[in-house]
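**Q** Need coordinates for the following:
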Amino acid sequence: MSDIAKLMGDLCREEGPTRTMLPGVRLYRATQNIPRTPLLYQQGIVIVGQGAKTVRLGGAAHVYDPGHYLVLTVPLPAECEAEASPEKPLLTMAVDIDMEMLRSIIGQLEGQGAQLRPGVVQQGLYLARADAAFRDALRRLLHVLAEPEEGKVLGAGLVRELLYRIIKGENAAALYALAMHNTGLSRIDKALRLIHDRCSQPFTVEQLAGEVHMSPSAFHRAFKEVTSLSPIQYVKKVRLNKAKSLLVDGGVRAGDAARLVGYESVSQFSREFKRYFGASPGRLPERGALS
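**A** Numbering: from 1, shown residues only. The predicted structure is shown next:
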C-alpha cells in the first residue's frame, strides 16, 4: 500500500463516504465490487488512492487510478464501476470546486503572465496525470486532515494548492473556460445550475438557451459537447438520480419522489426509473450499495 493509500485508509475506516473537517472534501471506501451503475457526479475532482474506477459517458470509458485524477467541470449523470475487496479496498477522495478560489488562482496567474496550456475547452470531464507536485500537495493535505488543529489552520490553504496544481496540470483549459464569463462552458454550467435548482419544473431548450443568452441551436450544440447528452436527456437523468437519493437516503415513497422531481405520472416514473437503474423504485438496495 502506498503512503497516500495508507493515509486515506486511516482517515476513512468505515464502508462508504466519510466527511472530513473541510467543507467540500470527502473520502470514500468500498470493499466490494461496484457494478456498472448510473451515478450523478458532482462538479469537482475525484482522486484515487488505491484501486481504479471507470466512468462511462457518451460511449467513452475513462479509467482513473492512483496515477490519474478525474476533473468534472460540471455535474454529470454518468455510469461508474470499480473492483474492490476487503483485502484491497477502493479508496478515493472527492474535492468540490470552489469557484471563488478557482477564479482567484487564475487571476493571480494571469497577473503574472502565465500561459494557458492548450486543450479541449468544452469538456465536462477530463483525466490528468497525478504528477509529483500534485501527489506532494495531496499527501500534505491528507496529513493535516488527521490532525484537527492543523486541518482547521492549514487545510483550506492546501486545498487551494491542490487546485493550483490541477490548473497547472495537463488538460486544464476547461477549468479556465469554466472560470471565465461568457465562454460556452461557463454558460452551460449556468444552465446546469438552473436545472439542478429547479429540476421539478418543466424546461424547454428555448427557455434554457434564453437564460444563458444563446441561440437554441448554439445552446443545444454546446450542451451536447459538454455533457454528451441532449438537454432533455440530461434533465431526465438528473430527475431520476435525485429521486433515487430521495428514496434511498430520505426514505420517501415512490409516488412522492416522482412528484418532487417533476413527474406527473407515477407509472411513467416507475418505468423510466427501472429502465435506468435496473430496479423498480420499491426494490432498491440499501443505502451505500448504489453510491
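**Q** dump the residue contacts of the closest residue in space to residue 50 that isn't next to it in sequence.
**A** Among residues not flanking residue 50 along the chain, residue 5 sits closest, at 3.9 Å (Cβ to Cβ, 6 or more residues apart in numbering). C-betas here are computed from N, CA, C, even on glycine. By Cβ atoms under 8 Å, 6 or more residues apart in numbering, residue 5 lies in contact with 49, 50, 66, 91.
**Q** How about the contacts made by residue 219?
**A** So residue 219 contacts 187, 188, 191, 205, 208, 209, 212, 231 (Cβ under 8 Å, 6+ apart).
**Q** hang on, the earlier thing: identify the farthest-apart pair in the contacts of residue 5.
**A** By the measure Cβ to Cβ, 66 and 91 form the most distant pair in the contacts of residue 5, at 9.2 Å.
**Q** shared neighbours, these two?
**A** In contact with both residue 66 and residue 91: 5, 48, 49, 50, using Cβ under 8 Å, 6+ apart.
**Q** Need the residues you listed in TSV (columns: pLDDT and distance to residue 41).
**A** Listed next are the shared contacts of residue 66 and residue 91 as TSV, based on pLDDT from 0 to 100; distance: Cβ to Cβ, whole Å:
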residue	pLDDT	distance to residue 41
5	97	22
48	98	14
49	97	18
50	97	20
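**Q** Closest to residue 174 out of those residues?
**A** Distances from residue 174 to the shared contacts of residue 66 and residue 91, taken as Cβ to Cβ, are shortest for residue 48 (20.1 Å).
**Q** hang on, that closest one packs against residue 63?
**A** No: taking Cβ atoms under 8 Å as the definition, residue 48 is not a contact partner of residue 63, at 9.8 Å.
**Q** what residues are up against the residue nearest the centre of the chain?
**A** Nearest to the mean C-alpha position of the chain, counting by Cα atoms, centre = their mean, stands residue 42 at 2.9 Å. For residue 42, the contact set (Cβ under 8 Å, 6+ apart) comprises 72, 75, 94, 96.
**Q** Which single one of those residues is nearest to residue 240?
**A** The closest of the contacts of residue 42 to residue 240 turns out to be residue 75 (Cβ to Cβ; 13.9 Å).
**Q** Which pLDDT value belongs to that closest one?
**A** With respect to pLDDT, residue 75 scores 96.
**Q** Burial check on it, number of neighbours?
**A** Using other Cβ atoms under 10 Å, residue 75 has 21 other residues around it.
**Q** re earlier: do you know the pLDDT at the residue nearest to the centre of the chain?
**A** 94.
**Q** Next, give phi and psi for residue 217.
**A** Backbone torsions of residue 217, given as degrees, to the nearest 10, read phi -70, psi -40.
**Q** Let me know the pLDDT of it.
**A** 96.
**Q** hey, what's the nearest residue to residue 170 once chain neighbours are set aside bridged with?
**A** Spatial nearest neighbour of residue 170, chain neighbours left out: residue 128 (4.9 Å); criterion: Cβ to Cβ, 6+ apart. Counting by DSSP bridges, residue 128 is bridged to residue 69.
**Q** By mean pLDDT, point me to the weakest helix or strand of the protein.
**A** The helix or strand of the chain with the poorest confidence is helix 173-179; it has a mean of 89 (mean pLDDT, DSSP states H and E).
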